[in-house]
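Novice: coordinates for the following, if possible.
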Amino acid sequence: MPVSRCAWANPANPLYLEYHDKEWGQACHDERRLFEMLNLEGAQAGLSWETILNKRENYRVAFDDWDAEKIARYDADKVAQLLGNAGIVRNRLKIAATISNAQAYLRLRDECGGLDAYLWAYVSGVAIHNSGERIIKTELSDRISKDLLKRGFKFVGSTIIYAYMQAIGMVQDHADDCDWKQRP
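Specialist: Numbers count the residues shown, from 1 in each chain. This next block holds a predicted model:
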């Protein structure tokens, strides 16, 4: 029996299919992955998600497996190294944003317990299920974006935050005809 997926899941790219089938829309409570996805969604700004997904492993290596403690201490030499790394998007503003996000994350972790506690409190721990229509931002993504910006995060506009909410399963937006629509 043929598998039905969301139209955006490029069937020619095994990484994309694996991402769609095993991650996107699945509730995530792992701090490191929450931090990773926040930064990868920001890195995507102006690019396709597939571009970032194809570079994901390079990002993990370049950014010390998303260890926020290490990233928060990156210096000019490390930034220069990252700018020379062809395996990631070599954008000075996005690299600087990742460092700022690590610093902001550490403050948020101290204040709120981490991204898991902070983010999932917005939805009382229960994912929002939509009917599969194309949504790019909501009042909730606006609120989260504004709060993250106040906390010092970068590349966290409302559209990026909505995509992030989808990626980490806070929002379930699989297409109505997608076999993954009914997953828990």
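Novice: separation between the residue positioned nearest the centre of the chain and Y164?
Specialist: Against the mean C-alpha coordinate of the chain, by C-alpha atoms, centre = their mean, the closest residue is M37 at 2.6 Å. M37 sits 6 Å away from Y164, going by C-beta to C-beta, to the nearest Å. All C-beta atoms are positioned from the backbone trio N, CA, C, and that covers glycine.
Novice: W49 too?
Specialist: From W49 across to Y164, the span is 11 Å (C-beta to C-beta).
Novice: neighbour count: those two, which is higher?
Specialist: Legend: neighbour count by other C-beta atoms under 10 Å for W49 and Y164, higher for Y164 (26 against 18).
Novice: state whether the more buried one is indeed within a helix.
Specialist: Yes: using DSSP: H, G, I helix; E, B strand; the rest coil, the assignment for Y164 is a helix.
Novice: pLDDT score for it?
Specialist: pLDDT for Y164: 98.
Novice: strands of the chain, start to end?
Specialist: 128-129, 171-172 (DSSP state E).
Novice: export the longest helix anywhere in the chain as CSV, just CAs?
Specialist: What stands out as the longest helix in the chain, according to DSSP state H, is helix 92-112. The C-alpha trace of helix 92-112 is given here as CSV (Å, rounded to 0.1, in the frame of the first residue of the first chain):
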residue,chain,number,x,y,z
ARG,A,92,28.1,36.2,9.9
LEU,A,93,24.8,37.3,11.3
LYS,A,94,23.4,33.8,11.6
ILE,A,95,26.6,32.6,13.3
ALA,A,96,26.5,35.5,15.7
ALA,A,97,22.9,34.7,16.4
THR,A,98,23.7,31.2,17.3
ILE,A,99,26.2,32.4,19.9
SER,A,100,23.7,35.0,21.2
ASN,A,101,21.1,32.3,21.4
ALA,A,102,23.3,30.1,23.4
GLN,A,103,23.9,32.9,25.9
ALA,A,104,20.2,33.7,26.0
TYR,A,105,19.4,30.0,26.3
LEU,A,106,21.6,29.6,29.4
ARG,A,107,19.8,32.6,31.0
LEU,A,108,16.4,31.1,30.1
ARG,A,109,17.5,27.7,31.5
ASP,A,110,18.4,29.3,34.8
GLU,A,111,15.2,31.3,34.9
CYS,A,112,12.6,28.8,33.5
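Novice: by contact count, what packs against it?
Specialist: Counting contacts by 3 or more C-beta pairs under 8 Å, 6 or more residues apart in numbering; DSSP states H and E, helix 92-112 is packed against helix 31-44, helix 68-71, helix 76-83, helix 115-121.
Novice: now do the buried residues in the shortest one.
Specialist: So that's helix 68-71. By neighbour count on 16 or more other C-beta atoms under 10 Å, the buried set for helix 68-71 is A68, I71.
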